[in-house]
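[1] give me the fold of what follows.
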Amino acid sequence: MNETTQTQINLGDYNKPQEQTKAVGIGKILGKIINIKDFRTNRGKPSPYTPKESIGDDGLTDYNVIDTVETFDVNNQMVSSFFVTPAIVKQIQRVPNYQSELSSGKVFGPCKIGQKKSAKTNANYWCLLFPGEEGY
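    Residues are numbered from 1 along each chain as shown. Take a look at the predicted model:
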């Protein structure tokens, strides 16, 4: 019988799996108006739906999560943390100084959870809609 020994190398905090976030997908609150009070990236176990290219050599993947001022009833659970897509991450990151603004207690919003159609692929994608924008 072959015996395999695995040695784990400490790569620092970045590669440590983060505490599991009690969050649901942003699509669960489609059409709701929200104010974002926190945005973070956690590292954790991939789901069966995680694209293979998003899984690191460590077997983990990055999850982007927002916390909202509002709490929503989703499947009889009160939820204020939501997994967000790369498109929504890009929208948040376009805001100047978004990290320092959020950490100082300011909120990002109001905005509405919506979908748009990609001009390139014609597929729908999740996004944030803002006052004055079509669909808000």
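[2] from here on, contacts and neighbour counts on C-alpha atoms
    OK.
[3] beta partners of R43?
    With DSSP bridges applied, R43 shows beta-bridge pairing to D62.
[4] so it touches T61, yeah?
    Yes: R43 is within contact range of T61, at 5.5 Å (criterion: CA atoms under 8 Å).
[5] show me which of these two is the more surrounded one.
    For R43 and T61, the more surrounded residue by other CA atoms under 10 Å is T61, and the numbers stand at 23 against 18.
[6] enumerate every residue touching that one.
    R43, G44, K45, P46, S54, I55 (CA atoms under 8 Å, 6 or more residues apart in numbering).
[7] so the fourth one, which of the three states?
    Translated: P46. The local conformation at P46, judged by DSSP: H, G, I helix; E, B strand; the rest coil, is coil.
[8] surely it is in contact with I55?
    Yes: using CA under 8 Å, P46 is in contact with I55, at 7.0 Å.
[9] which residue is the nearest non-sequential neighbour of V65?
    F83 (4.5 Å; CA to CA, 6 or more residues apart in numbering).
[10] count of neighbours near the one you found?
    For F83, the neighbour count with other CA under 10 Å is 20.
[11] partners of it in the sheet?
    With DSSP bridges applied, F83 shows beta-bridge pairing to G25, V65.
[12] need the contact list for it.
    Per CA under 8 Å, 6+ apart, neighbours of F83: A23, V24, G25, I26, Y63, N64, V65, I66.
[13] number of residues surrounding the first one?
    Which is A23. So A23, with other CA under 10 Å, has 15 neighbours.
[14] now do the same contact list for it.
    V65, V79, S80, S81, F82, F83.
[15] pick the one among these closest to G31.
    The closest of those to G31 turns out to be F82 (CA to CA; 14.2 Å).
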